[in-house]
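> no FASTA, just this:
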């Protein structure tokens, strides 16, 4: 993948739920679908800015396969949105990016609570004592970020914010003309106002299923936010096996035309 681009690029590495699709042991129409867009790994995206920064969002248990499938050869830094296993437990697969030559450390950013959880969950990475034998751990610089204020990371301006997700909170962000909101049950009113005022080119937003759910946005609530935020384009992500790609695409098309669409694994959006 080229180091520099004339435009920013977002690539969907995974667009599915915590169990992935097909789901183990399931023979529903979506899990047995022959449409490649219905085969969804755990949700993660890769952003390459026109300034040349290569940014990984979340380290899923499918990370190695996602990286190989999409021929990603380098990551400049990573952002972890929250502590749940489907967004975190592939963190060890950052290790080959540290090999060099020369060996390098990869910065990883999260909010304060997620940072503390990562350190506790992976002590062999962050709390090892003495020399590392055999190169067996990733060389990571784990740092927390401040919320709801402009934050510069390697020349890129972010605006990070938290929102409810079950018993915890997830961290979303705005990066230039892009906003990323995943694993979300609701958005604070003042965050919706900020997102609307930004006049975004791209919004990527949680859209699990139809009906109701206790921790995620469903189609109905997601579409309410899409109507309010009014981004030029909106990609729907973290989709369950309750919705095929074609069904969700038709639902979005009827409401919004071609400006709103479900993402699929491997899809690239230039903006």
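Thanks, I have the structure now. If you're wondering where the values come from, they're calculated on a predicted model, not measured in any experiment.
> quick one: the residue lying closest to residue 188 once chain neighbours are set aside and residue 123, what's the gap?
Excluding the flanking residues, the one nearest residue 188 by CB to CB, 6 or more residues apart in numbering is residue 163, at 6.3 Å. C-beta: built from backbone N, CA, C; applies to glycine. As judged by CB to CB, to the nearest Å, residue 163 and residue 123 stand 29 Å apart.
> what is the burial count for the residue nearest to residue 188?
The tally of other residues near residue 163 (other CB atoms under 10 Å) stands at 18.
> and it, what is it in contact with?
169-170, 172, 181, 184-188, 191 (CB atoms under 8 Å, 6 or more residues apart in numbering).
> any of those buried? List them.
For the contacts of residue 163, a neighbour count by 16 or more other CB atoms under 10 Å gives the buried set as 169-170, 172, 181, 184-185, 187, 191.
> need those in CSV with secondary structure, distance to residue 17 and pLDDT, can you?
Shown next, in CSV, are those (DSSP: H, G, I helix; E, B strand; the rest coil; distance: CB to CB, whole Å; pLDDT from 0 to 100):
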residue, secondary structure, distance to residue 17, pLDDT
169, strand, 19, 96
170, strand, 14, 98
172, strand, 18, 98
181, strand, 16, 98
184, coil, 13, 98
185, coil, 14, 97
187, coil, 20, 97
191, helix, 23, 98
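> for those, give me JSON lines that also has distance to residue 138.
Below are these laid out as JSON lines (distance: CB to CB, whole Å):
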{"residue": "169", "distance to residue 138": "25"}
{"residue": "170", "distance to residue 138": "23"}
{"residue": "172", "distance to residue 138": "25"}
{"residue": "181", "distance to residue 138": "27"}
{"residue": "184", "distance to residue 138": "28"}
{"residue": "185", "distance to residue 138": "31"}
{"residue": "187", "distance to residue 138": "33"}
{"residue": "191", "distance to residue 138": "32"}
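> need the nearest residue in space to residue 137, chain neighbours excluded.
Among residues not flanking residue 137 along the chain, residue 125 sits closest, at 5.1 Å (CB to CB, 6+ apart).
> what about that neighbour, which SS state?
With DSSP: H, G, I helix; E, B strand; the rest coil as the basis, residue 125 sits in helix.
> what pLDDT does residue 134 get?
Per-residue confidence at residue 134 stands at 67 (pLDDT).
> where do the strands of the stretch 101-250 of the chain begin and end?
106-110, 140-144, 150-153, 156-165, 168-175, 178-181, 202-206, 233-237 (DSSP state E, counting those that start in this stretch).
> ramachandran angles for residue 55?
phi -120, psi 130 (degrees, to the nearest 10).
> that one against residue 80, yeah?
No: counting by CB atoms under 8 Å, residue 55 sits too far from residue 80 to count as a contact (11.8 Å).
> which residue is most remote from the mean position of this protein?
residue 130 (33.9 Å; CA atoms, centre = their mean).
> now do that residue against residue 230, distance only.
The value you get for residue 130 to residue 230, if CB to CB is used, is 55 Å.
> residue 57 contacts residue 77, correct?
No: applying CB under 8 Å as the test, residue 57 and residue 77 come out as separate, 10.3 Å apart.
> out of those two, which sits in the more crowded spot?
Per other CB under 10 Å, whichever of residue 57 and residue 77 has more neighbours is residue 57, with 22 against 18.
> what sits against that one?
With CB under 8 Å, 6+ apart, residue 57 has these contacts: 44-47, 78-79, 81, 180.
> can you give me the distance of residue 165 to residue 52?
Counting by CB to CB, the gap from residue 165 to residue 52 is 32 Å.
> quick one, which of the two is more surrounded?
Higher neighbour count among residue 165 and residue 52: residue 165, with 22 against 13, using other CB under 10 Å.
> helix/strand/coil for residue 11?
From three-state DSSP, the assignment for residue 11 is strand.
> does it have beta-bridge partners, and which?
Listed beta-bridge partners, residue 11: residue 46, residue 268 (assigned using DSSP bridges).
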